[in-house]
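Participant: have a look; sequence and predicted model below, questions after that.
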Amino acid sequence: MKIAKTMLILFFILPMLIGCASKGDEHASVPDGTIVIDNWQVAFIASVQAGEGKLTFQGKEHEFNISGVGFGGFGVQTLVATGQVYNLKNIEDLAGSYAQARAGITVGLGFGGLALENDKGVVIKLNAKSKGLALAIGVDGATIAMK
(Lines give C-alpha, C1' and ligand atoms only; values in the text may rest on other atoms or scores of the structure.)
Protein backbone atom coordinates (compact mmCIF):
# COMPACT_ATOMS: atom_id res chain seq x y z
CA MET A 1 0.00 0.00 0.00
CA LYS A 2 2.83 2.38 0.84
CA ILE A 3 4.44 1.76 -2.57
CA ALA A 4 1.15 2.48 -4.35
CA LYS A 5 0.76 5.76 -2.45
CA THR A 6 4.34 6.78 -3.30
CA MET A 7 3.77 5.97 -7.00
CA LEU A 8 0.56 8.04 -6.97
CA ILE A 9 2.37 11.04 -5.50
CA LEU A 10 5.41 10.74 -7.78
CA PHE A 11 3.65 10.20 -11.07
CA PHE A 12 0.30 11.96 -10.80
CA ILE A 13 0.09 14.50 -7.99
CA LEU A 14 3.61 15.95 -8.24
CA PRO A 15 3.41 16.66 -12.00
CA MET A 16 0.05 18.37 -11.49
CA LEU A 17 1.49 20.59 -8.76
CA ILE A 18 4.50 21.45 -10.92
CA GLY A 19 2.16 22.31 -13.78
CA CYS A 20 -0.02 24.50 -11.56
CA ALA A 21 3.02 26.34 -10.23
CA SER A 22 4.50 26.92 -13.69
CA LYS A 23 5.20 30.40 -14.97
CA GLY A 24 2.63 29.85 -17.72
CA ASP A 25 -0.27 30.37 -15.30
CA GLU A 26 0.33 34.10 -15.08
CA HIS A 27 -0.59 34.66 -18.75
CA ALA A 28 -3.88 35.91 -20.15
CA SER A 29 -6.73 33.42 -20.33
CA VAL A 30 -7.33 34.02 -24.06
CA PRO A 31 -4.87 32.00 -26.18
CA ASP A 32 -3.28 33.39 -29.33
CA GLY A 33 -3.50 30.01 -31.05
CA THR A 34 -4.14 26.31 -30.66
CA ILE A 35 -1.67 23.49 -31.19
CA VAL A 36 -1.64 19.74 -31.87
CA ILE A 37 1.56 17.67 -31.54
CA ASP A 38 2.06 14.05 -32.64
CA ASN A 39 5.29 12.77 -31.08
CA TRP A 40 7.24 9.63 -30.12
CA GLN A 41 9.86 9.16 -27.42
CA VAL A 42 12.45 6.47 -26.69
CA ALA A 43 14.34 6.52 -23.40
CA PHE A 44 16.98 4.46 -21.66
CA ILE A 45 18.48 6.89 -19.13
CA ALA A 46 18.85 9.41 -21.99
CA SER A 47 15.81 10.10 -24.17
CA VAL A 48 15.18 11.11 -27.77
CA GLN A 49 11.93 12.48 -29.16
CA ALA A 50 10.68 13.56 -32.56
CA GLY A 51 7.40 14.47 -34.16
CA GLU A 52 5.40 17.09 -35.94
CA GLY A 53 2.54 19.40 -35.24
CA LYS A 54 0.11 22.01 -36.44
CA LEU A 55 -0.49 25.45 -35.03
CA THR A 56 -3.68 27.35 -35.78
CA PHE A 57 -2.80 31.04 -35.57
CA GLN A 58 -4.85 33.98 -36.91
CA GLY A 59 -7.14 31.59 -38.80
CA LYS A 60 -4.36 29.75 -40.64
CA GLU A 61 -2.71 26.37 -40.04
CA HIS A 62 1.09 26.26 -39.82
CA GLU A 63 3.04 22.97 -39.75
CA PHE A 64 6.22 22.41 -37.75
CA ASN A 65 8.66 19.70 -36.67
CA ILE A 66 9.59 19.07 -33.05
CA SER A 67 12.64 17.20 -31.81
CA GLY A 68 14.56 16.93 -28.60
CA VAL A 69 16.75 15.11 -26.16
CA GLY A 70 16.51 14.58 -22.44
CA PHE A 71 17.82 12.79 -19.42
CA GLY A 72 15.93 10.36 -17.21
CA GLY A 73 13.54 7.48 -17.67
CA PHE A 74 13.17 4.41 -19.84
CA GLY A 75 10.70 2.95 -22.33
CA VAL A 76 8.96 3.75 -25.60
CA GLN A 77 5.82 5.80 -26.07
CA THR A 78 3.83 7.76 -28.61
CA LEU A 79 2.15 10.97 -27.57
CA VAL A 80 -0.64 13.14 -28.93
CA ALA A 81 -0.90 16.53 -27.26
CA THR A 82 -3.38 19.36 -27.76
CA GLY A 83 -3.31 22.77 -26.19
CA GLN A 84 -3.10 26.53 -26.37
CA VAL A 85 -0.33 28.97 -27.26
CA TYR A 86 0.08 32.29 -25.43
CA ASN A 87 2.20 35.40 -26.06
CA LEU A 88 2.53 34.60 -29.77
CA LYS A 89 2.60 37.85 -31.75
CA ASN A 90 4.38 36.57 -34.89
CA ILE A 91 4.41 33.03 -36.32
CA GLU A 92 8.23 33.11 -36.34
CA ASP A 93 8.24 33.34 -32.53
CA LEU A 94 6.95 29.76 -32.19
CA ALA A 95 10.25 28.38 -33.51
CA GLY A 96 12.98 27.93 -30.92
CA SER A 97 14.12 25.95 -27.91
CA TYR A 98 11.85 24.92 -25.06
CA ALA A 99 12.69 23.23 -21.75
CA GLN A 100 10.56 21.12 -19.43
CA ALA A 101 10.79 18.99 -16.31
CA ARG A 102 8.79 15.77 -16.57
CA ALA A 103 7.47 12.99 -14.41
CA GLY A 104 5.02 10.35 -15.57
CA ILE A 105 4.27 6.76 -16.29
CA THR A 106 2.66 5.11 -19.29
CA VAL A 107 1.51 1.51 -19.10
CA GLY A 108 -0.69 0.99 -22.13
CA LEU A 109 -2.41 4.38 -22.00
CA GLY A 110 -1.35 7.47 -20.08
CA PHE A 111 -2.18 11.17 -19.79
CA GLY A 112 -0.73 14.37 -18.41
CA GLY A 113 -0.24 18.07 -18.82
CA LEU A 114 2.71 20.39 -19.17
CA ALA A 115 3.68 23.96 -19.92
CA LEU A 116 6.65 24.97 -22.08
CA GLU A 117 8.19 28.41 -22.60
CA ASN A 118 10.83 29.57 -25.07
CA ASP A 119 13.25 32.50 -24.84
CA LYS A 120 10.81 34.75 -26.77
CA GLY A 121 8.19 34.34 -24.02
CA VAL A 122 5.90 32.06 -26.05
CA VAL A 123 4.08 29.68 -23.69
CA ILE A 124 2.56 26.37 -24.81
CA LYS A 125 0.16 24.62 -22.42
CA LEU A 126 -0.52 21.00 -23.41
CA ASN A 127 -2.76 18.13 -22.42
CA ALA A 128 -1.22 14.86 -23.58
CA LYS A 129 -2.38 11.30 -24.12
CA SER A 130 0.29 8.63 -24.51
CA LYS A 131 0.52 4.97 -25.51
CA GLY A 132 3.34 2.58 -24.75
CA LEU A 133 5.40 1.46 -21.79
CA ALA A 134 7.52 4.18 -20.22
CA LEU A 135 8.69 5.65 -16.94
CA ALA A 136 9.74 9.31 -17.22
CA ILE A 137 11.49 11.35 -14.56
CA GLY A 138 13.91 13.99 -15.76
CA VAL A 139 14.41 17.01 -17.97
CA ASP A 140 13.93 17.55 -21.69
CA GLY A 141 14.88 20.13 -24.22
CA ALA A 142 12.74 20.42 -27.35
CA THR A 143 13.23 22.44 -30.53
CA ILE A 144 10.42 23.57 -32.80
CA ALA A 145 11.25 24.35 -36.43
CA MET A 146 8.65 25.64 -38.87
CA LYS A 147 8.21 23.61 -42.09
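Facilitator: In hand now; what should we look at?
Participant: and the strand or helix carrying A145, average pLDDT?
Facilitator: When secondary structure is defined using DSSP states H and E, the element that contains A145 is strand 123-146. The predicted model assigns strand 123-146 a mean pLDDT of 89.
Participant: direction included, what does it pair against?
Facilitator: Each strand that strand 123-146 pairs with, and the sense of that pairing, follows from DSSP bridges: strand 60-86 (antiparallel), strand 96-118 (antiparallel).
Participant: residues near A134, how many?
Facilitator: Look at A134: counted by other Cβ atoms under 10 Å, it has 22 neighbours. Any C-beta I mention is one placed from the backbone N, CA and C, and that applies to glycine too.
Participant: next, count neighbours for the nearest residue in space to it that is not next to it in sequence.
Facilitator: With Cβ to Cβ, 6 or more residues apart in numbering as the measure, G75 is the residue that lies nearest to A134, at 2.9 Å, once sequence neighbours are left out. When counting by other Cβ under 10 Å, one arrives at 18 neighbours for G75.
Participant: distance check, G75 against V107.
Facilitator: Here the distance between G75 and V107 works out to 9 Å (Cβ to Cβ, to the nearest Å).
Participant: equivalent analysis for V76, please.
Facilitator: Counting by Cβ to Cβ - V76 and V107 are separated by 12 Å.
Participant: list residues touching both of the two?
Facilitator: When contacts are counted by Cβ atoms under 8 Å, 6 or more residues apart in numbering, V76 and V107 are jointly contacted by L133.
Participant: this completes my enquiry, with thanks.
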